Structures are given as structure tokens and as C-alpha cells.
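>>> Here is my input; please provide its structure:
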Amino acid sequence: MNLILGGFCVGGIIGKCDLKISDIGKARFIQSIKEFSTSEQNLKELAAKHKLPIDRLKFVLVALQRELLQDYRLDLDKRPLFKQGLTRLDELSIGDVVTGAVTNVTHFGAFVDIGVERDGLIHKNHMNNIELSIGDRIIASVQKVDIQRRQLGLRLENMLEETDTSFTLKAE
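Next comes the predicted model:
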């Protein structure tokens, strides 16, 4: 059985650590993966062997260090600052500036919850060469509102940084 995570088979990592897929989530498995991931040499060798960026490999290693049946969504329960009274797509206009939280990242862009009935999409061409992650708080401008198709297109304007309960712009 092959386990695909982050776009590649993790059997090589598991085998190199002398583990089995059935061990995933167990304390010994997690500890072995942690030890493996602290070695820069291990990371470089594996990244080269699988032709992967080291950042993606690190992401997979973090995922392999998680306990089974643990709901990690609570880690992302940081709410964006929404505009008061804005709850529906038909209340938006092109050019409106909104804040939101990234709910999903794909190869073509990022989906953002801005407090209306549908998540908006920031296409990768509208991300200003910024790599977003799930949970990031952002400022975006509305580029497209298609009520019939229930689609919302956004452009990334800036990132937000949470300080206590207030939000401030991240320094660039």
C-alpha cells in the first residue's frame, strides 16, 4: 500500500525510519519522524531523490508527526475581521475591500472566507507572488461577483497580523 501525501509517496520516509504505515499516529512513529526531520542531510537527500522542494518535504514531515483522530481545525480557529452587516454575495461590488481568512490553498490559488455565503477565490495571478497558507488573514479587493454562478473573485492586497483581538498590517 502506497501512502501519497503532499504529492509524493511517503513510503521512502517511513521505510528509512524503519517504520510501517500501520504505525502512523503512534508515539514511536511520531518521535522517529521528528528525529529524522531534524537532520538537514536527511532532508536534502530525500528532496533530491524525489525531486521535491525542501519546503514541501518539511510540510509532509509535519503532517506525519500528527496524532491520529486529532481534530487540528481548532488550531486554525482564528476569525478574520469581517465588515459589519456584510453577509451575502449580492451586497458586494467590484472594488470593495474586504478582510478574510484563507480556508484552502490549491495549485491555482487560495479560497478565502470573507463572511459571506461563499468563499472567494484569489487566483494565483492575483496573489502578488505571496504564498498563502491556511489560516492566514488577508486584505483583498473584490474583482468579480457572479451571483448566478455563486462565484467571488478576489485580489490579494495585503496580509493581516493578529495582535490580541485587533488586526494590523504586516510590515514588509
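>>> my read is Ile122 is in a helix, agree?
No: secondary structure of Ile122 (DSSP: H, G, I helix; E, B strand; the rest coil): strand, not part of a helix.
>>> OK, contacts around it?
Gly109, Ala110, Phe111, Val112, Leu132, Ile138, Ala140, Gly153, Leu154, Arg155, Leu156 (Cβ atoms under 8 Å, 6 or more residues apart in numbering). C-beta: built from backbone N, CA, C; applies to glycine.
>>> can you do 6 Å?
Applying Cβ atoms under 6 Å, 6 or more residues apart in numbering, we find Ile122 in contact with Gly109, Ala110, Leu154, Leu156.
>>> Which residue ranges make up the domains of the chain?
Domain assignment for the chain, taken from the TED database, gives 7-75, 89-159.
>>> Please tabulate these in TSV, including the columns mean pLDDT.
Listed next are these as TSV, based on pLDDT from 0 to 100:
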stretch	mean pLDDT
domain 7-75	80
domain 89-159	91
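>>> Pick the most buried one from those domains.
Of all those, domain 89-159 carries the top mean neighbour count, a mean of 16, counting by mean count of other Cβ atoms under 10 Å.
>>> For stretch 113-123, measure first residue to last.
With Cα to Cα, to the nearest Å as the measure, stretch 113-123 spans 14 Å from end to end.
>>> residue ranges for the helices of the chain, please.
Along the chain, counting by DSSP state H, helices occupy 11-16, 27-37, 40-50, 54-64.
>>> quick one on the thing from earlier: pick the one among the contacts of Ile122 closest to His126.
For the contacts of Ile122, the minimum distance to His126 (Cβ to Cβ) is 6.1 Å, reached by Leu156.
>>> Any idea what the closest one is bridged to?
Ala140 (DSSP bridges).
>>> ok, it - contacts?
Neighbours of Leu156 in contact, by Cβ under 6 Å, 6+ apart: Ile122, Met127, Asn128, Ile138, Ala140.
>>> Apply 10 Å and report the result again.
Listed by Cβ atoms under 10 Å, 6 or more residues apart in numbering, the contact set of Leu156 reads 102, 109-110, 112, 122-124, 126-130, 132, 136, 138-141.
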